[in-house]
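Novice: Fold the following.
(2 chains)
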Amino acid sequence: SAVISQKPSRDICQRGTSLTIQCQVDSQVTMMFWYRQQPGQSLTLIATANQGSEATYESGFVIDKFPISRPNLTFSTLTVSNMSPEDSSIYLCSVAGTSGRPYNEQFFGPGTRLTVL
Amino acid sequence: GENVEQHPSTLSVQEGDSAVIKCTYSDSASNYFPWYKQELGKRPQLIIDIRSNVGEKKDQRIAVTLNKTAKHFSLHITETQPEDSAVYFCAASDANAGNMLTFGGGTRLMVKP
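Specialist: Model (predicted):
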């Protein structure tokens, strides 16, 4: 299956600042998603990253807070803007539509552990 | 939107016993049901999935069953081993509506040697 990497793997940030997380795949994929996993909790979908157009956000998540880019079929970024301690979480990208796999199987990147002080 | 409930939240079994985790979903349009295993500090890993045209699927010691009428699906692990200890998540999606996964709350499985 596709190899998915995320940068940074972890970061500690000051409140009020922004952090951009990168997700890179080693092959073209149809779909890319961003999830949040708060400590000890389940995964919540933030948005679907659409190539060449605005991301599709889930209820409770807005573009001003979580701007997303997807310039091509192998790369996406998620920015966490104007951070507060409540944004401390693990952020995961996932991909679907990888070559040789059923189109709806999703595979996750290693995650970015964010701590906001 | 879709709502997925997962039970139990924690499950402790003796090595060699079976473990069963159950999930219910609300959206009758959902047609794809994957299960993920997440070890501490690691990413969720897809371990098995089932589609709505199938009632049961098995892969070695793990199996998943689906009851579309009742809108519930279950994960069965037989002959559990200590390395099965992890958090397991069920999920549901409507593959015709963007493939977004809605996850259950997770089950922490502990296999005691």
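Novice: from here on, contacts and neighbour counts on C-alpha atoms
Specialist: Noted.
Novice: Spell out which parts of chain A neighbour chain B.
Specialist: Contacts of chain A with chain B, taken as Cα under 8 Å from any Cα of the partner chain, map to A:41-45, A:48, A:104-111.
Novice: residue contacts, residue B:20?
Specialist: For residue B:20, the contacting residues are B:74, B:75, B:76, B:77, by Cα atoms under 8 Å, 6 or more residues apart in numbering or on different chains.
Novice: what sits against the last one?
Specialist: Looking back up the chat, that one is residue B:77. With Cα under 8 Å, 6+ apart, residue B:77 has these contacts: B:18, B:19, B:20, B:61, B:62, B:63.
Novice: do you know how far it is from chain A?
Specialist: As judged by Cα to the nearest Cα, to the nearest Å, residue B:77 and chain A stand 21 Å apart.
Novice: May I have the predicted confidence score for the closest residue to that residue other than its chain neighbours?
Specialist: Nearest residue to residue B:77, sequence neighbours excluded (Cα to Cα, 6 or more residues apart in numbering or on different chains): residue B:62, at 4.6 Å. Note on residue B:62: pLDDT of 98.
Novice: residue contacts, residue B:103?
Specialist: With Cα under 8 Å, 6+ apart, residue B:103 has these contacts: A:42, A:43, A:44, B:4, B:89, B:90, B:91, B:92.
Novice: Please report which of the contacts of residue B:20 has the highest neighbour count.
Specialist: Neighbour counts for the contacts of residue B:20, by other Cα atoms under 10 Å in any protein chain shown, peak at residue B:75, which reaches 23 neighbours.
Novice: Surely that one and residue B:21 touch.
Specialist: Yes. Counting by Cα atoms under 8 Å, residue B:75 does reach residue B:21; the two are 5.2 Å apart.
Novice: What's the local residue count around residue 15?
Specialist: You didn't pick a chain, so chain A it is. Neighbours of residue A:15 (other Cα under 10 Å): 16.
Novice: let's do chain B instead
Specialist: 17.
Novice: List, one by one, the residues from chain B near chain A.
Specialist: Near chain A, when you scan chain B using Cα under 8 Å from any Cα, you find B:32, B:34, B:42-46, B:89, B:95, B:99-106.
Novice: Quick one: the strands in chain B, in order.
Specialist: Using DSSP state E, the strands of chain B run over B:4-7, B:10-14, B:19-25, B:32-38, B:45-51, B:56-59, B:62-67, B:72-77, B:86-92, B:102-103, B:107-112.
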